[in-house]
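Trainee: the sequence isn't on hand, but the structure is:
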Ligand code: ADP
């Protein structure tokens, strides 16, 4: 595949709240009022003003995304997306998760974001199998980058070595 697309997707191991990118994506829930995992870490690092702005948004349906400022985070923006809760794969989970990536990238583009970092949406508390989620994520990102010129870098931030290996492999197979 197109070499320049592969160069625009980076896999790193680490904490998404620490990254110096224009936007980080939060694995939020439909209330947008905070929770555990990535969501808890994002709210702790951004400070209470983030929750104040989130309250005004009135929630977000599964598969969609909303944008706020990043407040105390190094990132200027937070894009909150709501992944599907994994049931058995027969309840639209794939399409909803693909929507998270598509809609987050569309919001990033509309806001002039050049660098964006995603955690592995839905693969923690929501139980989505990570290999399957990583394939979907890379496929959607690649499709988006093929027609988009403004986003320079999409970072896949992995919590732990096994998550890193899974995402590296997905990029190698699907965008390499
Ligand atoms: P969800 O509810 O969408 O499943 P979680 O926050 O529970 O979201 O987890 C999503 C993924 O992000 C999991 O793979 C988890 O290990 C990982 N994760 C948790 N905290 C962080 C963090 N600070 N930075 C990056 N990834 C994280």
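Mentor: Good, I have the coordinates. A quick note: this is a predicted structure, and the numbers were derived from the prediction, not measured.
Trainee: for this protein, what are the low-confidence residue spans?
Mentor: 1-3 (pLDDT under 70).
Trainee: show me what from it comes close to the ligand.
Mentor: 15-17, 27, 37-39, 41, 83, 119-126, 157, 159, 163 (CB under 6 Å from any ligand atom). For glycine as for every other residue, the C-beta is placed from the backbone atoms N, C-alpha and C.
Trainee: backbone torsions only: list them for residue 50.
Mentor: phi -60, psi -50 (degrees, to the nearest 10).
Trainee: let me see the ranges of the helices in the protein.
Mentor: For the chain, the helices defined by DSSP state H occupy 3-7, 37-46, 48-55, 93-110, 130-147, 161-174.
Trainee: for residue 75, find the nearest of those helices.
Mentor: helix 37-46 (8.8 Å; CB to CB).
Trainee: for residue 148, grab the count of nearby residues.
Mentor: Around residue 148 there are 16 other residues, counting by other CB atoms under 10 Å.
Trainee: tell me the spacing between it and residue 88.
Mentor: To residue 88, residue 148 is 33 Å away according to CB to CB, to the nearest Å.
Trainee: what of residue 151?
Mentor: Taken as CB to CB, the span from residue 151 to residue 88 is 33 Å.
Trainee: okay, the two: which has more neighbours?
Mentor: Between residue 151 and residue 88, residue 151 has the larger neighbour count (other CB under 10 Å), namely 20 against 6.
Trainee: please name the bridge partners of the most centrally placed residue in the chain.
Mentor: Central residue of the chain (CA atoms, centre = their mean): residue 118, 3.2 Å from the mean position. Using DSSP bridges, the bridge partners assigned to residue 118 are residue 156.
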